[in-house]
Each structure stands twice: as structure tokens, then as C-alpha cells.
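J.: What shape does this take:
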Amino acid sequence: MNTPTSNVKNTDMPCQRLGEKGPTVSRHALGTMTFGAETDEGEAHNMLDLFVARGGTLIDTADVYSDGASEEMIGRWGVARGGMDDLIVATKCRFSATPGSRGGSRRAVLKRVDASLERLKLDAIDLFFIHGWDDETDVAETLGALGDLLRAGKIHHVGWSNVTGWQLERICRIAEANGLPVPCALQPQYSLLDRGIELEVLPCALENGIGLIPWSPLGGGWLTGKYAADERPTGATRLGDDPNRGVEAYETRNTERTHNILRATSAVAARHGRPMSHVALAWLASRPGVASILLGARHADQLADNLDAVGLALDQEDIEVLTQASCTPLPDYPYGFVRDWSGVVHWDRFDAP
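T.: Here you go, the predicted structure:
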């Protein structure tokens with residue numbers, strides 16, 4: 001494909017503020033977990049060029065993506081284009097295998113930020129995430145390190161990823177009580193196939209003014225319609241490479257509920273003359289608190305197709321069809337118990353039955 005000039009932007013990409021206090025980011029974000037694994041450096045740079053040319057501003061990576069190679073590729077691309085001051089660059093720490101650099105301790109966080117800055121060739125990280133909860137470290141210690149990094153100008157905003165509702169609430173309460181940085185952003189798994197955050201995590205995020213950047217918005221490829229109920233995936237796809245891949249594993253998700261959702265998504269897609277992936281992304285963009293959606297891809301053509309979803313707005317009927325198809329019943333306790341006593345379903349804004 002012809003590589004677009006990275007400094008020429010299509011401003012049709014919508015942008016909005018990330019939560020109440022975060023930066024303004026593009027509706028779609030570029031997830032770079034494939035860089036250095038399924039995607040070589042040349043194609044990674046093609047994808048970065050394409051993303052920026054299409055109006056994208058938020059580039060997301062992590063220190064553990066290909067053991068730092070993803071950050072290094074982004075850093076070399078940034079140097080070649082003359083800097084990344086016009087973009088929001090996000091990275092994360094928590095799961096490093098380097099001795100003394102794992103977890104959310106002050107020592108680990110400070111070391112990983114410095115290492116990421118070196119790989120990314122940046123003076124500061126725009127949005128720095130803690131990649132998950134650390135049972136072995138008092139969260140006040142983690143927050144204190146993040147506060148020092150903010151004051152030192154090494155990071156500009158703080159986020160968290162992969163936490164439960166009570167963990168997110170604890171982070172916010174300790175931060176507020178001690179003048180430490182409250183997260184402006186949260187990165188959870190969220191899609192038509194996995195709406196678990198709607199019980200506790202999403203309400204907590206909304207209550208605290210935190211914006212969402214969902215990962216796996218297409219359920220590891222399930223919501224593109226590429227996987228069948230009676231045929232285990234093979235070939236150069238996410239599950240073809242590894243059918244047992246984490247929460248997206250073929251046997252885990254090959255259920256009647258999944259295929260009901262896929263049928264509903266396919267029907268809405270047919271009405272619009274769009275791919276199923278566009279419909280899944282448009283539904284997610286309509287959810288409360290969602291500011292930007294992480295798009296992961298192996299190559300630029302795949303990224304280009306997903307970026308085309310930005311122009312699709314579903315009407316209320318479409319949204320209700322998809323929402324009902326993807327609903328799961330609330331657990332009887334405490335949710336059903338509270339509903340039965342109060343007569344009010346407190347989760348109706350998230351479409352729980």
C-alpha cells in the first residue's frame with residue numbers, strides 16, 4: 001500500500017476529553033501490542049503513519065509488549081517524523097520480567113518510567129498507566145511515586161488498567177485523601193462479548209470522572225465474524241496462532257451466547273451495508289464513559305478497515321438490538337436482592353435485565 005505522509009491529517013476523526021481531567025484524545029486509539037511480535041518494524045511504521053493521517057492522536061503501548069520492542073519501534077518512528085508533540089503517547093508498567101522492576105512499588109515504577117522514556121525517545125509520557133493491581137504493594141506507595149513523576153514532569157496524566165470496582169474505588173479514595181493523582185483514564189476489557197465491567201467498574205469510573213479506553217473491542221476477532229461454531233481457527237489470525245489465547249480462547253467463547261451476539265451484529269451490519277466490526281465498534285462508542293477505543297491490528301490494511309468504523313452512528317433501535325442480545329442476567333445476590341427490595345433496577349442505565 002502507499003504510505004501516507006504522517007504529518008497530513010484527516011480531521012474527520014472525532015476527539016473528546018478523556019474523563020473530566022484528562023487530555024483530549026481521538027475516538028480511536030492505536031494499540032501496539034502486535035509491534036515486534038506479529039508486526040515487523042516496517043509495517044508498524046506504516047500503521048503509525050496511516051493512523052495519524054486518518055486523524056488519530058492516541059498511541060498506546062506498554063513496557064512488556066515484545067519486551068520493550070514496541071516502545072522502541074514507536075520511538076524510532078517518532079524521531080524519523082521529527083517528534084510526537086502533536087500526539088498523546090501512553091504506556092504502562094506492572095508486569096516486567098526484569099528483576100526488581102515488577103509490580104507497583106516505588107522502585108519498580110520509577111525504573112520502568114525511565115526505561116520507557118529512553119525507548120520512546122521522549123522527555124515525558126503523556127498518559128502513564130499502571131497495568132494492573134499489585135497485592136504486594138500498598139496502593140498509596142504507587143500513587144506517591146506517580147505524584148513525584150508528575151511533579152518531575154516525566155509523566156503528564158495517570159491511568160489504571162485491569163482492576164475491579166473496589167480496587168478502582170480504593171485508588172480514588174486514597175488519592176483524594178492524600179492529595180495524590182486520581183486516575184483520569186481506565187483501560188478495561190469491554191465489548192459486546194464482555195460487559196462485566198458494567199456491574200461495578202463502570203459505575204465507579206463514571207462516579208469519579210474517569211474516562212474509558214476499552215481494549216479487545218472486537219473480542220480478539222470474534223466480532224468480525226471470522227470464527228465459526230464448528231471449525232477451530234487456523235492460519236494467520238489471533239486465534240489461529242493460538243486458539244487457547246487468554247480470555248478470548250476459542251473453547252471459552254464458542255458458546256450459544258456468543259453466536260447469538262454474532263447473529264445480531266451481522267443483522268445490523270447487513271442493514272447498514274457495513275462489516276460486523278464496524279457495528280461492534282459503533283456500539284461500544286455509544287456506551288457511557290467511553291472516550292477512545294483501542295484498535296489492535298497486524299497490518300495497515302486491517303487497521304484501515306477498522307478506522308472506517310468512525311463514520312458509523314447506530315440509531316437507538318440498532319443499539320437496543322445489540323444490547324439485548326449481549327445482556328446477561330444479574331447475579332441474584334446482591335443485585336437481584338437489592339432490586340426486589342427497592343423496586344428499582346439501579347443498573348438500568350447499563351441495560352441490565
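J.: Export only the CA atoms of the helix or strand Arg76 falls within, formatted as CSV.
T.: For Arg76, the enclosing helix or strand under DSSP states H and E is helix 69-80. Extracted as CSV, the C-alpha positions of helix 69-80 are listed here (Å, rounded to 0.1, in the frame of the first residue of the first chain):
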residue,chain,number,x,y,z
ALA,A,69,10.4,-3.6,21.2
SER,A,70,7.0,-2.0,20.7
GLU,A,71,8.1,1.2,22.5
GLU,A,72,11.4,1.1,20.6
MET,A,73,9.7,1.0,17.3
ILE,A,74,7.4,3.9,18.2
GLY,A,75,10.4,5.9,19.4
ARG,A,76,12.3,5.4,16.2
TRP,A,77,9.2,6.4,14.2
GLY,A,78,8.8,9.5,16.3
VAL,A,79,12.4,10.6,15.7
ALA,A,80,12.1,10.0,12.0
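J.: For the stretch 251-353 of the chain, give me the ranges with low pLDDT.
T.: Under the criterion pLDDT under 70, the flagged ranges of the stretch 251-353 of the chain are 338-353.
J.: what ranges do the helices span in it?
T.: 256-272, 276-285, 300-307, 316-326, 337-342 (DSSP state H, counting those that start in this stretch).
J.: I'd like these laid out as TSV, including distance to Ala69.
T.: Any C-beta I mention is one placed from the backbone N, CA and C, and that applies to glycine too. Output for the helices of the stretch 251-353 of the chain, formatted as TSV (distance: least, CB to CB, whole Å):
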stretch	distance to Ala69
helix 256-272	33
helix 276-285	27
helix 300-307	18
helix 316-326	35
helix 337-342	48
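J.: winner for burial among those?
T.: Stretch with highest mean neighbour count among those: helix 276-285 (a mean of 24; mean count of other CB atoms under 10 Å).
J.: Hmm, Ala44 is touching Gly31, no?
T.: No: look at Ala44 against Gly31 with CB atoms under 8 Å: they stay out of range, at 11.8 Å.
J.: so where's the chain uncertain?
T.: Using pLDDT under 70, the chain drops low at 1-11, 100, 229-248, 338-353.
J.: swap the cut-off to 80 and go again
T.: Residue ranges of the chain with pLDDT under 80: 1-11, 97-101, 228-252, 336-353.
J.: quick one, strands of it?
T.: Remark: strands of the chain, listed N- to C-terminal, are 15-17, 24-26, 28-31, 58-60, 88-93, 125-130, 155-161, 185-187, 211-212, 293-296; assignment by DSSP state E.
J.: Adding mean neighbour count and distance to Pro334, write those out as CSV.
T.: Rendered in CSV, the data for the strands of the chain read as follows (neighbours: other CB atoms under 10 Å; distance: least, CB to CB, whole Å):
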stretch, mean neighbour count, distance to Pro334
strand 15-17, 15, 33
strand 24-26, 21, 35
strand 28-31, 27, 35
strand 58-60, 27, 35
strand 88-93, 26, 32
strand 125-130, 24, 28
strand 155-161, 23, 25
strand 185-187, 27, 23
strand 211-212, 24, 24
strand 293-296, 24, 31
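J.: So which of these is nearest Glu256?
T.: Judged by CB to CB, the one of these that comes nearest to Glu256 is strand 293-296, at 26.6 Å.
J.: What are the contacting residues of that closest one?
T.: The list of residues contacting strand 293-296 from outside it, by CB atoms under 8 Å, 6 or more residues apart in numbering, reads 27-34, 60, 187, 213-217, 281, 284-285, 303, 306-307.
J.: re the thing from before, Arg195: which of the strands of the chain is closest?
T.: Taking CB to CB as the criterion, strand 211-212 is the member of the strands of the chain that comes nearest to Arg195, at 12.4 Å.
J.: and the closest one, what other elements does it pack with?
T.: strand 185-187, helix 201-207 (3 or more CB pairs under 8 Å, 6 or more residues apart in numbering; DSSP states H and E).
J.: from the ones you listed, which stretch is densest packed?
T.: For the helices and strands packed on strand 211-212, the largest average neighbour count (mean count of other CB under 10 Å) is found in strand 185-187, namely a mean of 27.
J.: Endpoints of stretch 147-165, how far apart?
T.: Stretch 147-165 has its terminal residues 22 Å apart, counting by CA to CA, to the nearest Å.
J.: hmm, I was thinking of stretch 84-94
T.: As for stretch 84-94, its first-to-last residue distance stands at 24 Å under the measure CA to CA.
J.: likewise stretch 25-35?
T.: Looking at stretch 25-35, the gap from its leading to its trailing residue is 21 Å under the measure CA to CA.
J.: For Gly46, grab the count of nearby residues.
T.: One thing to correct before we go on: residue 46 is Asn, not Gly. Asn46 is surrounded by 20 other residues when neighbours are defined as other CB atoms under 10 Å.
J.: For it, which non-adjacent residue is spatially closest?
T.: Take Asn46 and drop its neighbours on the chain: the residue closest to it by CB to CB, 6 or more residues apart in numbering is Ala300, 4.4 Å away.
J.: One more: Ala140?
T.: By the measure of CB to CB, 6+ apart, the closest residue to Ala140 outside its immediate chain neighbours is Ile174, 5.3 Å from it.
J.: how much space between that neighbour and Leu110?
T.: According to CB to CB, to the nearest Å, Ile174 and Leu110 sit 19 Å apart.
J.: before we move on, what about Glu20?
T.: The spacing between Glu20 and Leu110, counted by CB to CB, is 27 Å.
J.: Same question for Leu146.
T.: With distances defined as CB to CB, the gap from Leu146 to Leu110 amounts to 10 Å.
J.: No further questions, thank you.
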